[in-house]
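Trainee: give the three-dimensional model of this entry:
(one chain, ligands or ions: 1)
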Amino acid sequence: MIELVGLTKRYGDKLAVDRLTFTVRPGMVTGFLGPNGAGKSTTMRMMLDLDNPTAGDVRIDGKHYRQLRDPLKHIGALLDAKAMHGGRSAYNHLLCLAQSNGIPTSRVSEVLDTVGLSSVAKKRSKGFSLGMGQRLGIAGALLGDPEILMFDEPVNGLDPEGIHWIRHLMKNLAGQGRTVFVSSHLMSEMALTADHLVVIGQGRLMADTSMAEFIAQNSRSYVRVRTPDHERMREALASAGHTAVVAPDGALEVDGANAAQLGELAARHQVVLHELSPQQASLEEAFMQLTAESVEYHAHAGPAGAHPLAAGAPYGGAAPGAVPPGAVPPGGGGYPSQAQPPQAYPPQGPPPGGTGQQGQAGQPGQAGQPGQQGGWGADWQRKKGS
Ligand SMILES: Nc1ncnc2c1ncn2[C@@H]1O[C@H](COP(=O)(O)OP(=O)(O)OP(=O)(O)O)[C@@H](O)[C@H]1O
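Mentor: Down below sits the predicted model:
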């Protein structure tokens, strides 16, 4: 379990993390989301004692990180896959970590096998691709068989097989009762992996809730209607007081009525339907809805205006909350509060000033803790059994 109480970090004028209070619980995958520069990496660094909080506190199973004996046996982390000695082989990199944390040498080959790097174990890591580096970083996190695992953008650079593998790895680790805390900008991947979400924006806590609740609370549902009798359906909708938005493919997205009501409405007006499908927003849509106002770094994709079909007023009259012209986002979400210039997400390129990920040379305590041999994995096994 990881507990944060009022955790705050200020860099000069910049309040990077603002009084964060939440608990990351065992037995589930907790996703850590936020726009670029929201403070995710800074928060994770403070959890690992790589950065000092300006105020507040963070504890790992009730202790400060620096109080942990052999920290890799308690918490394993992947923060920056490139933060390793490139001249060392993958095997030697892990061997150093193992020896300084009282972890048996045999574990090195085990984790190399787990992450699929056995065949390049003797190769220097500086020749590794991004994805291979990620795998090596993940091997380092798993080395001490810890009960808490933390991954910052773990799928970055992984191929589809690798993404599939890490998804199942995280689920399995959580299924064993471990605490798994993972940040990612890949919403589709997070939707498949995380059970619980912690969302921050500009350093502040915006949500701490289950995946299902998050999507339900931060999105609208609507019904997608496709018909060759466009005009007649439009008139039918207007007569019933429903508002519709035209999706880029010409389908109507109707709020405020369920599929059965719309099917009956169409039947009464003798409108042929080719599609009538209730839509649940995706995690990405819900995330963008919640964080729209806390996005600091906007990219601009070109001239304003979405799909040409969206240029007119929404069908069915000017209902309150109707999407204004040009506001239907690509994909046709049509959420009123996204009525702003189109934005690519995530924005391309680094934010001004960088994200400050320099110097994350692994976890403290990965070196300099010799003499803790013996009992490897015992704590974890004991806790699992208790
Ligand atoms: N060492 C530092 N010195 C000064 N400012 C920093 C430092 N580290 C981070 N910041 C600033 O703190 C804010 C939060 O950065 P952080 O890297 O934690 O965000 P993030 O949510 O991890 O972003 P991303 O998703 O882009 O990785 C940013 O404005 C960043 O520029």
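Trainee: okay, stretch 218-233 in CSV with CA atoms only?
Mentor: Provided in CSV are the C-alpha atoms of stretch 218-233 (Å, rounded to 0.1, in the frame of the first residue of the first chain):
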residue,chain,number,x,y,z
ASN,A,218,-17.3,12.0,-16.8
SER,A,219,-19.1,11.3,-20.0
ARG,A,220,-22.5,11.3,-21.5
SER,A,221,-24.2,8.4,-23.2
TYR,A,222,-26.1,8.8,-26.4
VAL,A,223,-27.6,6.7,-29.1
ARG,A,224,-26.2,6.5,-32.6
VAL,A,225,-28.7,6.4,-35.4
ARG,A,226,-28.0,5.8,-39.0
THR,A,227,-30.7,6.1,-41.6
PRO,A,228,-31.1,6.6,-45.3
ASP,A,229,-34.2,8.8,-44.4
HIS,A,230,-32.1,11.5,-42.9
GLU,A,231,-34.5,14.4,-43.3
ARG,A,232,-37.5,12.4,-42.0
MET,A,233,-35.6,11.2,-39.0
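Trainee: show the pLDDT at Q357.
Mentor: pLDDT, Q357: 29.
Trainee: same question, G250
Mentor: At G250, the pLDDT value in this model is 91.
Trainee: do you know how far it is from the ligand?
Mentor: 36 Å (Cβ to the nearest ligand atom, to the nearest Å). All C-beta atoms are positioned from the backbone trio N, CA, C, and that covers glycine.
Trainee: could you do D249 as well?
Mentor: Distance from D249 to the ligand, by Cβ to the nearest ligand atom: 32 Å.
Trainee: so for whichever helix or strand E3 is part of, what's the average pLDDT?
Mentor: Using DSSP states H and E, E3 sits in strand 2-11. Confidence for strand 2-11, expressed as mean pLDDT, is 97.
Trainee: I'd like the next helix or strand past it.
Mentor: Immediately after strand 2-11, counting by DSSP H and E, sits strand 14-24.
Trainee: and that next one, how far from the chain's centre?
Mentor: The chain centroid and the centroid of strand 14-24 are separated by 17 Å under Cα atoms, centre = their mean, to the nearest Å.
Trainee: just checking: what are the partner strands of the helix or strand just after that strand?
Mentor: Downstream of strand 14-24, the first helix or strand assigned by DSSP H and E is strand 28-33. Strand 28-33 has its sheet partners listed here by DSSP bridges as strand 179-183 (parallel), strand 196-201 (parallel).
Trainee: would you turn these into CSV with mean pLDDT?
Mentor: Output for the strands paired with strand 28-33, formatted as CSV (pLDDT from 0 to 100):
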stretch, mean pLDDT
strand 179-183, 97
strand 196-201, 94
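Trainee: any chance of TSV for those strands, columns distance to the ligand?
Mentor: Output for the strands paired with strand 28-33, formatted as TSV (distance: least, Cβ to the nearest ligand atom, whole Å):
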stretch	distance to the ligand
strand 179-183	7
strand 196-201	7
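Trainee: any chance of the ones you listed in a markdown table, with mean neighbour count and distance to K9 too?
Mentor: Output for those, formatted as a markdown table (neighbours: other Cβ atoms under 10 Å; distance: least, Cβ to Cβ, whole Å):
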| stretch | mean neighbour count | distance to K9 |
| --- | --- | --- |
| strand 179-183 | 25 | 16 |
| strand 196-201 | 24 | 12 |
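Trainee: among those strands, which is nearest E110?
Mentor: Nearest to E110 among the strands paired with strand 28-33 is strand 179-183; the distance by Cβ to Cβ comes to 19.3 Å.
Trainee: can you dump the C-alpha atoms of the closest one in CSV for me?
Mentor: C-alpha atoms of strand 179-183 as CSV (Å, rounded to 0.1, in the frame of the first residue of the first chain):
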residue,chain,number,x,y,z
THR,A,179,-0.1,-3.2,-5.3
VAL,A,180,0.4,-2.1,-8.9
PHE,A,181,0.5,1.6,-9.7
VAL,A,182,1.0,2.6,-13.3
SER,A,183,1.0,5.8,-15.3
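Trainee: contacts for that strand next, please.
Mentor: 1-2, 24-34, 40-41, 44, 147-154, 170, 173-174, 190, 193-194 (Cβ atoms under 8 Å, 6 or more residues apart in numbering).
Trainee: circling back to that earlier point, out of the strands paired with strand 28-33, which is closest to Y11?
Mentor: The nearest among the strands paired with strand 28-33, by Cβ to Cβ, is strand 196-201 at 16.0 Å.
Trainee: between strand 2-11 and that closest one, find me the angle.
Mentor: 10 degrees (axes from the mean of the first three to the mean of the last three Cα atoms, to 10 degrees).
Trainee: for V115, which residues are in contact?
Mentor: Per Cβ under 8 Å, 6+ apart, neighbours of V115: R135, L136, I138, A139, L142.
Trainee: helices or strands up against the host helix or strand of L262?
Mentor: L262 belongs to helix 259-268 when elements are defined using DSSP H and E. Contact here means 3 or more Cβ pairs under 8 Å, 6 or more residues apart in numbering; DSSP states H and E; on that basis helix 259-268 packs against strand 222-226, helix 230-239, strand 275-279.
Trainee: so of the ones you listed, which one's packed in deepest?
Mentor: strand 222-226 (a mean of 22; mean count of other Cβ atoms under 10 Å).
Trainee: right, I'll leave it there.
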